[in-house]
Structure formats: C-alpha cells, structure tokens
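how would this look folded up:
(chains A and B)
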Amino acid sequence: MNTALLIFSTITLAGAAAAMTLRNLIHCALAGAVAFLGLAGLFLGLGAEFVAFGQVLVYVGAVAILIVIAVLLTRPARVAGESPRVEPWLPGVGIGVLVTGALVAMVKASLVARSPEAVSSPAAPVKAIGEQLMTTYVLPLEVLGLLLTAALIGAVLLALRDPGEARRP
Amino acid sequence: MFELFDQLFVNLKHAVVGALPEGWQVLASPLISAAAILGVFASLFALTVLVERKGLGRIQNRPGPNRVGPAGLLQPLADFIKALTKEDIVPVSADKVLHFLAPVVMLAPVLLAYAVLPFGRNMVAVDFDAGLLFFFAAGACVELAVFMAGWSSHNKFSLLGAMRAIAQMISYELPLILATLGVVMLVGSLSLVDIVASQAGHHWGWLARWWVFTPWGLAAFVIFLIAATAESNRAPFDLPEGEAELVAGHLVEYSGFKYAIFFIAEYLGLFAVSALAITLFLGGWHAPVAALDWLPSWFWFGAKLAGFIVFFIWVRGTLPRVRVDHLMGFAWKFLLPLVLWNLVVAAVWWYSRGWAFAGAGILRWVGCAAMILIPYSLLGRALYTRHGLGPRTYRLAA
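Numbers count the residues shown, from 1 in each chain, chains lettered A, B, ... in the order given. As a prediction, the model looks like this:
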C-alpha cells in the first residue's frame, strides 16, 4: 500500500511541477491532467473509490478538456521567448505561504489527524455516501444544484444568438 | 456437467494461480485476468474487422475481401502485417512526444474499462463497489487522447476533427450516463455484478427478468444505444472522421501501427460499451428464457455481444451520416429531455411495484409506456415543425 501511495504522490507532484514550469500552455494543461490522475490514484489507495472515480470523471474528463479548449480559443498556444514570469513576486509568495499554512492547519485540526482510528474504516460504500447526501447534506446538495442550474442558464443566455442577427435558413 | 462448463475459465485460472508459489499468486491473479481480456478482445477485434468488411460488402452488393485464405478468412492477419510493416510518418512540425503518446493514452483507458465488466458467472476481473462510475471515468480519459492526437499533429484538419469529436463525445456522454441511472436507481448499487444479479429470475416462469422488458428500461436502452454509437464515433455519427470534409479528422497525420492502435481502441471501446449495455439492460450473462439456462453463462454474454456487433455493422451499412448541427441538436434538445423524463418514469415504476389489484401489471406497463411515448411524440413533433420539416416523399428518377 505504501509503495502505491509513494508512486501516486510522485506522479501528482511531478504533474503539478510540470504544469507550473513547462513553456507551452497546452503541455501545462495536460501535465495538470496527469496531476489529477495521480490524485485519483491517491484517493483509490486510501479506499475512497467513489471520490477517486469522480475525480477522474470530473477533472480529467471535463475540467482538463475545458482548460485546453479555453487555451486554444483565447491565445496562441506557442508562447515565444522565455517562461512566463509573475512580476510582483512577493505578494505571490505571501499568498502561497498563507494558503499552504491554512491547509496544513485545517488538516491538523481535522478528525483524521486527531483520532485516525475513528475514520479508519477503509472503504466508504457508495450507498453510505448517497444516503448521507440525501439526508444530512441534502441542503448543501440542493444549493449546489441551484447554483449549477443558474450557471447553466447563464451560459445558455450568453451563447444565445442576438435578436438582430440574421437567422440562417 | 453444467457446473464444469459454466465455471471452466474460472477453475482454469484458479488452477494456474494455485500452481504458482505463494508470493507470486497476488501478482498472477490480475495478470491472468488482464491477459485473458486482452487476448479475447483483440481476437474479437480481428474477427469483427473481417465480418464488418464482409458484411458491408454484402450490403453494398460486392463480395468483400475474398482473396487471402479460404473465403478471405486470413484477411485480418494480412491487415495486421500491413499495419506493422508500414512506415511510421511523424510530421516535421508535430509535437513529437504528444504525437507518440496519444495512441497509448487512447488505448489504455479503453482496456481498463474491461476490468469491471462481468463476462460470466464469477467472471469479473475487479468487482468495484462503484464499478459503473469506474467505467465512465475510464471512458472520460479517451477525450483527452483525442485532443492530444488532434492538437499534436499540427494540422488544421486534425484539430477541427478533434474539436468535433470532443464536442460530440461530451454531448452524448450526458444521455449515455443518464440512461444508465434508471437502472442504478432501481438496483440501488453501482456495482455491475450487483446489477447483473438483480436481473436474475423469470417472469411467469419462463421470460428473463431483464430491465429492457420494462417500459423505462426499453426507452433507456434505445437512448443508451444511440448515445453509445455516437460516443464510439461510429456511423451514422462518424463526423469526426468525415472523409468528405475533414479527410480523417484527428487521425490525418497518423500512419502505420499508430493508426492501427487508434482503430483497435475505437473497436474495443465499442465492444466495451456494448458489454455495458448487455450488463445493464440485457441481463448480463443470464439466458433470455428459462428453458435455455443449461448453456454456460459466458456463452450467453458472447452471443449477446456478437449480436451487438452485427447490429452496429448493419447500422453502419444502412444509415447515412448525420449533419453536424443536427447531431448537437439531437443530443441536447431531444435525447437529454427524454432521458431525464425517463428517470421520472423509472421512479413511477418503482413506486407502483406494490400494486396488487386485478390487471395491475398490465396497467402499470401500459401507463409507464404511455408516459414515455406521449412526450416522445410531442417533443419530436415540436422540433420537427420548428425546423419547418414535414413528412417527405422521395421519388426515384424514372
């Protein structure tokens, strides 16, 4: 199990590092997809099947595709010259440290760090997740659904053709 | 005797694994399963190519391949040698690494998807609790491979073809997944083994209890079939490769064995999604009628899969290619509302299971069928009239 976790951690970190350092934006996006896959492997190694497959389905199947198409549609893929540089780098580093600190603090304060035995049941069955979603977490689920519907309607409205535009035969 | 044949391959694998030393068994068990899947479905691919060429030839009133071996039977072997020995051309301006990786990334997830499919009683490589989700997660990786192939070739036809393919795959993935949800709702499990097990037993003692025999199941099955055809880029939805417009879409710059790998991946994807249709709606490895239960489970699975393959070849030989705007409209305006409504019908079917008065079974069936057919007809007519289409009459030139 530890070997698998080691391999997937390496894949995730290497993918994330490549996504930040590569010159070509499309390569960066694809390296990001590799990192997503590595993360899914980590979830699988921890026994969270549903989360792992959901991660691949959503992030590799949809988000990565969205990113590459957005890159293709907005700017030339081959950026000439040297790698992109963030000019005011001090705020960037500051934000990075803050986010990392907040994440570490949250993990340390979570149930996993305090009592690992309490959450050691390896595989959360899909049925249990579904029941929790439909009972305890039904309000957040509904709110998310409403938000996504609103986003969808907004996207459709943006994509609707203008009333003045001639209708094609 | 039945037990012997039914569990032949399972026992064979157990014997081989058991003969190995202790430390190797953990490794050998999945390796043998993977090797069996690879061997069987790669051979099936070779056979399918021959049947397809022969079948299309028959449909188009020509003999098809008939020169290599008796009645052309060795044609797949000749095709294979030709693909292997052909020159592998990589365009000068291509992104070499991605161009090389794209076929690999295309084939690997398709092969992974086979891991969760139950091919017979006790014949499944991995029984995941979320098996269905695993199948679709693996399928989602194919879109990225198509993009890699199209973009890395650095050719406008490639890129256009890849964009079309991705748009089509994303659009049809929705009805494909939503069509399976009815079954998931009623079974209460995402495990494909559980879904097959839920279709055991018989109506009136002879007809199998498959989901396709329910009204919502039949509708979901038809929608699933249409979406699956589009998802695997097969005719009549083979626009991404539309020869007349895009040369060969994202495959333009691929030659030799890389092209063959794309070809294999496409067919293996078709087999996988057919196998999923069998598992979800056609009872997996169960026999259709009780009287035929004496045939081994893997035979039934294979027979159904063969039926699907012949059906897809028939469709390819019969239907003309869909136009690109029709394609998108069909998925979003017609299939999606219908498949969502179908989930409601599945819920009605579930809640009416306790009806016990006289004629309840017939009323339940007819009622649910009407709940699907009336919206189907209304929606179809509404879209038809909006586009100014009506019934057409064609006349052959005299």
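
Name all residues that make contact with whichever residue of chain A sits closest to chain B.
Nearest residue of chain A to chain B: residue A:61, at 2.6 Å (CB to the nearest CB). Every residue, glycine included, has its C-beta placed from N, CA and C. Residue A:61 is in contact with B:137, B:139-141, B:143-144, B:173, counting by CB atoms under 8 Å, 6 or more residues apart in numbering or on different chains.

Could you let me know which of those residues ends up closest to residue B:74?
Closest approach to residue B:74 among the contacts of residue A:61 (CB to CB): residue B:139, at 33.0 Å.

how many other residues sit next to that closest one?
Residue B:139 has 26 neighbouring residues, counting by other CB atoms under 10 Å in any protein chain shown.

One more: residue B:55?
Neighbours of residue B:55 (other CB under 10 Å): 18.

Skip the chain neighbours and tell me the closest residue to it.
Nearest residue to residue B:55 in three dimensions, chain neighbours excluded: residue B:313, at 4.6 Å (CB to CB, 6 or more residues apart in numbering or on different chains).

wait, doesn't the one you found sit right on residue B:57?
No - Residue B:313 is not in contact with residue B:57 according to CB atoms under 8 Å; the separation is 10.8 Å.

neighbour-wise, which of those two wins?
The neighbour comparison of residue B:313 against residue B:57 (other CB under 10 Å) goes to residue B:313, with 21 against 16.

right, and the helix or strand after the helix or strand containing that one?
Assigned by DSSP states H and E, residue B:313 belongs to helix B:297-318. Where DSSP H and E defines the elements, the next helix or strand beyond helix B:297-318 is helix B:324-329.

Just list what the helix or strand that that next one is followed by packs against, helices and strands only.
With elements assigned by DSSP H and E, the helix or strand that comes after helix B:324-329 is helix B:336-351. Secondary-structure packing of helix B:336-351 (3 or more CB pairs under 8 Å, 6 or more residues apart in numbering or on different chains; DSSP states H and E): helix B:156-187, helix B:215-231, helix B:360-386.

Name the stretch among those helices that sits most buried.
helix B:215-231 (a mean of 23; mean count of other CB atoms under 10 Å in any protein chain shown).

most centrally placed residue in chain A?
residue A:59 (5.6 Å; CA atoms, centre = their mean).

who's in contact with that one?
Here residue A:59 is in contact with A:33, A:36, A:39-40 (CB under 8 Å, 6+ apart).

Starting from residue B:18, give me the distance back to residue B:5.
20 Å (CB to CB, to the nearest Å).

Compare these two and say which one has the larger neighbour count.
residue B:5 (14 against 9).

So for the more buried one, what's the pLDDT?
We have a pLDDT of 78 for residue B:5.

what does residue B:222 give?
Reading off the model, residue B:222 has pLDDT 93.

Look up how far residue B:232 lies from it.
From residue B:222 to residue B:232 the distance is 16 Å (CB to CB).

SS state for the one residue in the stretch 151-300 of chain B that gets nearest to chain A?
Going by CB to the nearest CB, chain A is nearest to residue B:190 of the stretch 151-300 of chain B, at 5.2 Å. Following DSSP: H, G, I helix; E, B strand; the rest coil, the label given to residue B:190 is coil.

Residues of chain B that sit close to chain A?
Residues of chain B lying close to chain A (CB under 8 Å from any CB of the partner chain) are B:98, B:128-130, B:133-134, B:136-141, B:143-144, B:147-148, B:151, B:159, B:163, B:166, B:170, B:173, B:188-190.

what's near enough to touch residue B:27?
Per CB under 8 Å, 6+ apart, neighbours of residue B:27: none.

Against which helices or strands is the helix or strand of chain A with the lowest mean pLDDT packed?
When the helices and strands of chain A are scored by mean pLDDT, DSSP states H and E, helix A:111-114 comes last with a mean of 71. Applying 3+ CB pairs under 8 Å, 6+ apart, one finds that helix A:111-114 makes contact with no other helix or strand.

Distance check, the residue nearest to residue A:71 when sequence neighbours are not counted against residue B:106.
Of all residues not flanking residue A:71 in the chain, residue A:25 sits nearest, at 4.9 Å (CB to CB, 6+ apart). Distance of residue A:25 to residue B:106, computed by CB to CB: 22 Å.

Same drill for those two, tell me which one is more crowded.
Between residue A:25 and residue B:106, residue B:106 has the larger neighbour count (other CB under 10 Å), namely 26 against 20.

and the closest residue to that one other than its chain neighbours, what does it touch?
Using CB to CB, 6+ apart and skipping the chain neighbours, the partner closest in space to residue B:106 is residue B:145 (3.8 Å). Residue B:145 makes contacts with B:102-103, B:105-106, B:109, B:265, as judged by CB under 8 Å, 6+ apart.

That concludes my questions; thank you for your assistance.
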